[in-house]
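[1] prediction below, plus the sequence it came from.
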Amino acid sequence: MPETIEINGRSIDRGEKVLTKLVVSKLPSGTVIEIPVYVFRSVHDGPVVLLMAGMHGDEVNGIEIVRRMLAKKMLYPLKGTIIAVPVLNIYGFLNFSREVPDGKDVNRSFPGNRDGSLASRVAHRFMKEVMPYVDYGLDFHTGGSSRSNYPQIRCVLDYNTNRELAQAFAPPFIMNTPFRQGSLRKEASKIGKSILVYETGESLRFDEKGISIGIEGTCRVLHHLGMMASCPPVTEQPVVCMRDIWLRAKNAGLWRSQIKLGEYVKKNQLIGSITDPYGEMEVRLNAPAAGYVIGLNNMPVVNQGDALLHIIF
């Protein structure tokens, strides 16, 4: 751990607690857009851990996880440093949107470009100011619009550090997920940083169970790293899955699910149906593989190709 961390032109020494705000840009009205960054430093040497949410502005569960930990003063480490970013995509947060105003996804824009698109500029500023200091990170996410995710950790399990931190978090499910081009996880790995993604719930809707699991898992990771004195016990060992499959709608119509998130389904088990609005057509859908349902589309009206069900095994 460095003696001094410099973020946004501010030197932060050991033992300090600092809130600094990264200026990203301005709205057309002239309003300045700033990303709040909280830095909590112990006087004792240790790792630097990033807790970040709001990469997609409508993913409120991760934002609430970090907010509650800040409000309850849970982020003062016994050793090392914790960097907390409750909302990275301020634009999306203000507009109830996944993207920034130009329609681009920040999490497909890393490592970014100082002179690039708005999403690329946000990614570049974060990579330049924050990531050089980070050893490990938890990136909190939420399912999409009308699509819910069961609490899960996503990471590349080929890396021992990822596997170790995921087991320490101890979510219901740990999912082996390859890197995606332009994602924070991939770019961080190139510079030797381990970033795990925690997913839970549906965008623009609080998932209390998933929020609680996220806070408890974060505490267990910090305890595992020696940064927190105690943590909630693990009541159930996580299920580790190496493969996944999406079931997509072959017909447009009204989608009715007969299974629940977190449920185990057998191959060819009936999982729902799609009907037309007139009572003339019904297509029954069966599970393409045996596994656990970790993603579910709650939208009753679907088009061909829409993702309905996410199964891991």
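    Alright, I've got the coordinates. Residues are numbered from 1 along each chain as shown.
[2] where does the chain dip in pLDDT?
    Using pLDDT under 70 as the threshold, the predicted model of the chain has no low-confidence range.
[3] what residue spans form the domains of it?
    Per the record's domain assignment (automatic domain parsing), the chain is made up of the domains 4-239, 243-312.
[4] state the number of residues packed around residue 78.
    Residues within reach of residue 78, counting by other Cβ atoms under 10 Å, total 15. For glycine as for every other residue, the C-beta is placed from the backbone atoms N, C-alpha and C.
[5] residue 171 too?
    Residue 171 has 26 neighbours, counted by other Cβ under 10 Å.
[6] which residues touch it?
    By Cβ atoms under 8 Å, 6 or more residues apart in numbering, residue 171 lies in contact with 151-153, 198, 213, 217, 238.
[7] for the most far-flung residue of the chain relative to its centre, what are phi and psi?
    Farthest-out residue of the chain from its mean C-alpha position, per Cα atoms, centre = their mean: residue 280, at 41.3 Å. Backbone torsions of residue 280, given as degrees, to the nearest 10, read phi -100, psi -20.
[8] any idea how far it lies from residue 253?
    When Cβ to Cβ, to the nearest Å is the yardstick, residue 280 and residue 253 sit 10 Å from each other.
[9] ditto for residue 131
    Distance check for residue 131 against residue 253: by Cβ to Cβ, it reads 45 Å.
[10] ok, for residue 79, nearest residue in space, not its chain neighbours?
    The shortest distance from residue 79 to any residue other than its chain neighbours is 3.2 Å, reached at residue 46 (Cβ to Cβ, 6 or more residues apart in numbering).
[11] ugh, typo on my part, it should be residue 5
    Among residues not flanking residue 5 along the chain, residue 12 sits closest, at 4.6 Å (Cβ to Cβ, 6+ apart).
[12] am I right that the residue nearest to residue 79 is in a helix?
    No - with DSSP: H, G, I helix; E, B strand; the rest coil as the criterion, residue 46 is located in coil rather than a helix.
[13] okay, now it: neighbour count?
    Considering only other Cβ under 10 Å, residue 46 is surrounded by 18 other residues.
[14] residues contacting it?
    1, 77-81, 225-227.
[15] can you pick the most crowded of the residues you listed?
    Of all the contacts of residue 46, the most densely surrounded is residue 81 (25 neighbours; neighbours counted as other Cβ under 10 Å).
[16] that one touches residue 50, doesn't it?
    No - contact between residue 81 and residue 50 fails when scored by Cβ atoms under 8 Å: they sit 9.4 Å apart.
[17] returning to what we had before: and of the contacts of residue 46, the nearest to residue 312?
    Proximity of those to residue 312 was ranked by Cβ to Cβ; the top entry is residue 225 with 26.8 Å.
[18] look up the closest residue to the closest one, ignoring the ones flanking it.
    With Cβ to Cβ, 6+ apart, the residue lying closest to residue 225 is residue 47, at 5.5 Å.
[19] show me the helices in the stretch 51-200 of the chain, by range?
    With DSSP state H, counting those that start in this stretch applied, the stretch 51-200 of the chain shows helices at 60-71, 90-94, 118-129, 160-169, 184-190, listed in chain order.
[20] so what touches the second one?
    When contacts are defined by Cβ under 8 Å, 6+ apart, helix 90-94 is touched by residues 24, 33-35, 54, 56-58, 63, 87, 97-101, 106, 118.
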